[in-house]
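Engineer: make a model of this:
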Amino acid sequence: MSFQGIEFTPEMRKMVVNSKHFFDILKPALDTLNNPATQLTANALGISESTPKVIMSAYNKKGNGRAWLE
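Structural biologist: Presented below is the predicted three-dimensional model:
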């Protein structure tokens, strides 16, 4: 499924943030994961690598409240 040109819903954004946090936690435990967590997230969800970066930037800037979802 292609997400090109499609606006991510709040639920999809949460999925990206949760996946990124999962890979951030998993990375130190497994030395085999040499790729950045954003790349692992993008590969796992079938989206471009820039999408997790953009979503995480908004999340980090606005905090974990609901404001970053919009």
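
Engineer: Ile25 and Pro52: what is the separation?
Structural biologist: Ile25 sits 15 Å away from Pro52, taking CB to CB, to the nearest Å as the criterion. Backbone N, C-alpha and C define where each C-beta goes, glycine included.

Engineer: which one of these two is surrounded by more residues?
Structural biologist: Using other CB atoms under 10 Å as the criterion, Ile25 and Pro52 rank with Pro52 on top: 26 against 10.

Engineer: other SSEs contacting the helix or strand hosting the more buried one?
Structural biologist: Following DSSP states H and E, one finds Pro52 within helix 50-62. Secondary-structure packing of helix 50-62 (3 or more CB pairs under 8 Å, 6 or more residues apart in numbering; DSSP states H and E): helix 10-26, helix 37-45.

Engineer: what about the ones you listed, which gets the closest to Asn60?
Structural biologist: Among those, the nearest to Asn60 by CB to CB is helix 10-26 (9.8 Å).

Engineer: helix 37-45 and the closest one, what's the angle between them?
Structural biologist: Angle, helix 10-26 to helix 37-45, by axes from the mean of the first three to the mean of the last three CA atoms, to 10 degrees: 120 degrees.

Engineer: centre of the chain to helix 10-26, how far?
Structural biologist: Distance, stretch centre to chain centre, for helix 10-26: 5 Å (CA atoms, centre = their mean, to the nearest Å).

Engineer: helices or strands up against it?
Structural biologist: The contact analysis (3+ CB pairs under 8 Å, 6+ apart) places helix 10-26 against helix 37-45, helix 50-62.

Engineer: most packed of those?
Structural biologist: Among these, helix 37-45 has the highest mean neighbour count (mean count of other CB atoms under 10 Å), at a mean of 19.

Engineer: run the chain-centre distance for that helix.
Structural biologist: Relative to its chain's centre, helix 37-45 lies at 7 Å (CA atoms, centre = their mean).

Engineer: ok, for Gln39, nearest residue in space, not its chain neighbours?
Structural biologist: Spatial nearest neighbour of Gln39, chain neighbours left out: Glu49 (5.3 Å); criterion: CB to CB, 6 or more residues apart in numbering.
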